[in-house]
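S.K.: Curious how this folds, go ahead:
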Amino acid sequence: RKLKDAGLATSITVILGLGGIEGSEQHAKKTIEVLNRMDPDFAGALTLMIRPGAPLYKDVEEGRFKVIDMWRSLEELKIMVEGSNFTNCFFTSNHASNYLPLRVRLPEQKEAAVKLIADVLAKKDKQRLRPDFIRQF
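M.R.: Next up is the predicted model:
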């Protein structure tokens, strides 16, 4: 916030899925709460992908961390976009890790973005999502 108040452009990256299944909703809500306080000029969402050998990978193997699925990832994205109160932010989820590529200006395109995400979720339309084989490491 201090950077923005000083006139510097701010860019923030968040990771969908860091809360796992159990903390998914809270993670999404707390993330957008922090982002709203920052009011970034640019924000990007990536989706958690855990590489074998990473410390979190062991937690997944041993059942201590349960990775969200594609639909829950979209639910988190929807919570964040829907809950955003940015004044002028270019928001993306177009990284290779994401299921649904999104490039929008918020708040201007917020309604359309939420509608798109909700539509994909309602129809469980995998055709509109990036296939897993493209999302591989």
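
S.K.: which SS class is Val81?
M.R.: Of the three states, Val81 takes helix according to DSSP: H, G, I helix; E, B strand; the rest coil.

S.K.: Can you tell me the closest non-neighbouring residue to it?
M.R.: Excluding its sequence neighbours, the residue lying closest to Val81 (C-beta to C-beta, 6 or more residues apart in numbering) is Ala113, at 5.0 Å. Placement of C-beta: from N, CA and C, glycine included.

S.K.: now do Asn85
M.R.: Leaving out its chain neighbours, the residue that sits closest to Asn85 by C-beta to C-beta, 6+ apart is Asn36, at 4.7 Å.

S.K.: The one you found: how many residues sit nearby?
M.R.: Other residues near Asn36 come to 14 when the count uses other C-beta atoms under 10 Å.

S.K.: Check the burial of the residue nearest to Val81 by counting its neighbours.
M.R.: Neighbour count of Ala113, defined by other C-beta under 10 Å: 23.
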